[in-house]
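K.L.:
Structure for this input, please:
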Amino acid sequence: MSAQTTTSLAGSSSLAGKSILILATNGFEQSELDIPHTKLKEAGATVHVASPESGEITGWDQKDWGKAVKVDRTLDEVSADAYDAIVLPGGQMNPDTLRGNPQALSLIKTFFQQGKVVAAVCHAPWLLIDTGIAKGRRLTSYKTIRQDMINAGAQWEDSTVVADKGVVTSRNPDDLPAFVAKIIEEVNEGRHERRAA
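P.N.:
Residues are numbered from 1 along each chain as shown. Predicted structure coming up:
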């Protein structure tokens, strides 16, 4: 493989100069925040964790509380204008709490309306219901919320990862490598033309 080809391949997965926001609160599934946070930074992106809370938030690690994660920005301090994508970790508690927060829903919807990448894993597609994004869109989710997605008008698929014009969804922590790879691909495609929610 030539040096030029190697550079080209590396460049295709690079997020240098891109900024990604991860939105979460207490009870996020640990791996679903930690892995995208690490891998997106490794790809060259600036990654910030935002939350309604300041200081730290604590994850849920399979069957018990996990470790704390530093909050870089509170919801009051972030704007979709400063980022290229928003990533929504799952876990049951995290998206269920955030869907009751109008400011969080407004932020997610603004990313969508600006044609930026909106990525949700596991139970986080619940947030795509409450923002109106799920309706008419191809997506996947954790199997137990499949019917919620269908009831909201989504075209649900039992797939590892689904991308529909910059809306990226994935089923569970086992699918995180494919989820992150698809986020990188979609961010590098730039803004996505789509009907506003």
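
K.L.:
Report the helix or strand with the lowest average pLDDT across the chain.
P.N.:
Across the helices and strands of the chain, mean confidence by mean pLDDT, DSSP states H and E is lowest for helix 3-12: a mean of 39.

K.L.:
immediately after that helix, which helix or strand?
P.N.:
For helix 3-12, the following helix or strand on the C-terminal side (DSSP states H and E) is strand 19-23.

K.L.:
tell me which residues form a beta bridge with the residue positioned nearest the centre of the chain?
P.N.:
Geometric centre of the chain, nearest residue: Val87, 2.1 Å, by C-alpha atoms, centre = their mean. Counting by DSSP bridges, Val87 is bridged to Ile22, Ala119.

K.L.:
count of residues packed around Thr74?
P.N.:
Each residue near Thr74 was counted by other C-beta atoms under 10 Å, and the total is 14. For every residue, glycine as well, the C-beta is placed using N, CA and C.

K.L.:
Which residues are in contact with it?
P.N.:
Thr74 makes contacts with Ala50, Ser51, Pro52, Glu53, Ser54, as judged by C-beta atoms under 8 Å, 6 or more residues apart in numbering.

K.L.:
One more: Val118?
P.N.:
Ala85, Ile86, Leu88, Ile108, Phe111, Phe112, Leu128, Ile133, Gly166, Val167, Val168 are the contacts of Val118 under C-beta under 8 Å, 6+ apart.

K.L.:
separation between it and His192?
P.N.:
Separation of Val118 from His192 (C-beta to C-beta, to the nearest Å): 9 Å.

K.L.:
Can you tell me which one of the contacts of Val118 sits lowest on pLDDT?
P.N.:
The member of those with the lowest pLDDT is Gly166, at 95.

K.L.:
rewinding a little: any chance of the contacts of Val118 in JSON lines, plus secondary structure?
P.N.:
Below are the contacts of Val118 laid out as JSON lines (DSSP: H, G, I helix; E, B strand; the rest coil):
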{"residue": "Ala85", "secondary structure": "strand"}
{"residue": "Ile86", "secondary structure": "strand"}
{"residue": "Leu88", "secondary structure": "strand"}
{"residue": "Ile108", "secondary structure": "helix"}
{"residue": "Phe111", "secondary structure": "helix"}
{"residue": "Phe112", "secondary structure": "helix"}
{"residue": "Leu128", "secondary structure": "helix"}
{"residue": "Ile133", "secondary structure": "coil"}
{"residue": "Gly166", "secondary structure": "coil"}
{"residue": "Val167", "secondary structure": "strand"}
{"residue": "Val168", "secondary structure": "strand"}
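
K.L.:
what about Ser79, distance to Val71?
P.N.:
Separation of Ser79 from Val71 (C-beta to C-beta): 16 Å.

K.L.:
Revised request: answer the last question for Ala124.
P.N.:
Taking C-beta to C-beta, one finds Ala124 at 18 Å from Val71.

K.L.:
more crowded one of the two?
P.N.:
Legend: neighbour count by other C-beta under 10 Å for Ala124 and Val71, higher for Ala124 (31 against 20).

K.L.:
Brilliant, that's me finished.
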